[in-house]
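# here is a sequence with its predicted model. Questions after.
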Amino acid sequence: MAIIASNFKTNHTRKSTNEFIQTVNNYLVENKISSEVYVFPTSTSLDTFQTVSNFFVGAQNAYATKNGSFTGEIGTEQLDEFNIKTILIGHSERRHILGETQEEIAKKFNFYKELGYKIIYCIGEPLEVKQQGLEKTLEYIYEQFIGIDTNYENLILAYEPVWAIGTGVTATNEDIINVHGAIKEKISKPLLYGGSVKVNNVREICSLNGVDGALIGTASWIKEDFIQILKNTKDI
Ligand SMILES: O=C(CO)COP(=O)(O)O
């Protein structure tokens, strides 16, 4: 069964998030869809959502703390309020725009691992690395596993090439198969692809060898589109 995840990034309000999650939940229940579905709203839109057992709401980010003096951050005290037990770690926007280092990411990973969170851990190379070929790309990706326990039982990986994120340029099937195949040889965890996944290519991508699902930004933000994505992948 495909794993389908929507990363809202800095989009949606509390009201529209709530409507989105209710609509998706109703669709899953009414159509007995058994795909594993994740939605990552902004932290201001987290809440106690009533969802079916294969539908999870997670945090896009949180600090490696219960609480304390970390201005602008949230910790497990805030996540616990809504029983959130799923977190995205290592997203390229946090690495490259917010400047999170591998060391900080590994610390965060270990903190949330100790607490048993489901972790969707993102890896992926920027364009200048991709242009140096597959070997260099894999070298770069493997460095993103430094300090990360890849045997952690509640781990899902997401390969998101930076040059494909939000650009409309999806990686080719060949690119995806090559990188996924190489990662899968080393790590036997579910591996999602992310980076300009669209309503009309999600089925093909999720059917590729070594692809266990998709982590989707832009194309997932309109609820009708996300439901179409779920429809297109329901039997994969
Ligand atoms: O970063 C992504 C999901 O985490 C992918 O974003 P896009 O689907 O907008 O390319």
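Now that the structure is in, tell me what you want to look at.
# point out the residues in the protein that sit beside the ligand.
The chain has residues 7, 91, 160, 165-166, 194-197, 215-219 near the ligand, with proximity defined as C-beta under 6 Å from any ligand atom. C-beta here means a position set from N, CA and C on the backbone, and glycine is covered the same way.
# ramachandran angles for the residue of the chain found nearest the ligand?
The chain approaches the ligand most closely through residue 217 (2.5 Å), counting by C-beta to the nearest ligand atom. When read as degrees, to the nearest 10, the backbone of residue 217 gives phi -100, psi -110.
# let me see the contact set for it.
The contact partners of residue 217, by C-beta atoms under 8 Å, 6 or more residues apart in numbering, come to 6, 7, 9, 165, 166, 194.
# what's the longest helix in the chain?
Longest among the helix segments of the chain by residue count, using DSSP state H, is helix 14-30.
# which elements pack onto it?
The contact analysis (3 or more C-beta pairs under 8 Å, 6 or more residues apart in numbering; DSSP states H and E) places helix 14-30 against strand 36-40, strand 55-57, helix 223-233.
# got the contact list for residue 197?
170, 205, 214, 215, 216, 219.
# and the furthest pair within these?
170 and 215 (12.8 Å; C-beta to C-beta).
# between the two, point out the one with more neighbours.
Comparing residue 170 with residue 215 by other C-beta atoms under 10 Å, the one with more neighbours is residue 215, at 27 against 20.
# which residues are in contact with the helix or strand the more buried one falls within?
Element membership for residue 215, per DSSP states H and E: strand 213-216. Judged by C-beta under 8 Å, 6+ apart, the contacts made with strand 213-216 from elsewhere in the structure are 2-7, 35-36, 120, 122, 158, 160, 190, 192-194, 197, 202, 205-206, 226, 229, 233.
# now, the residues you listed that are in helices?
Restricting these to those inside helices, with DSSP H as the criterion, leaves 202, 205, 206, 226, 229, 233.
# could you dump the residues you listed to CSV with pLDDT?
Supplementary listing: these in CSV, determined by pLDDT from 0 to 100:
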residue, pLDDT
202, 98
205, 98
206, 98
226, 98
229, 98
233, 98
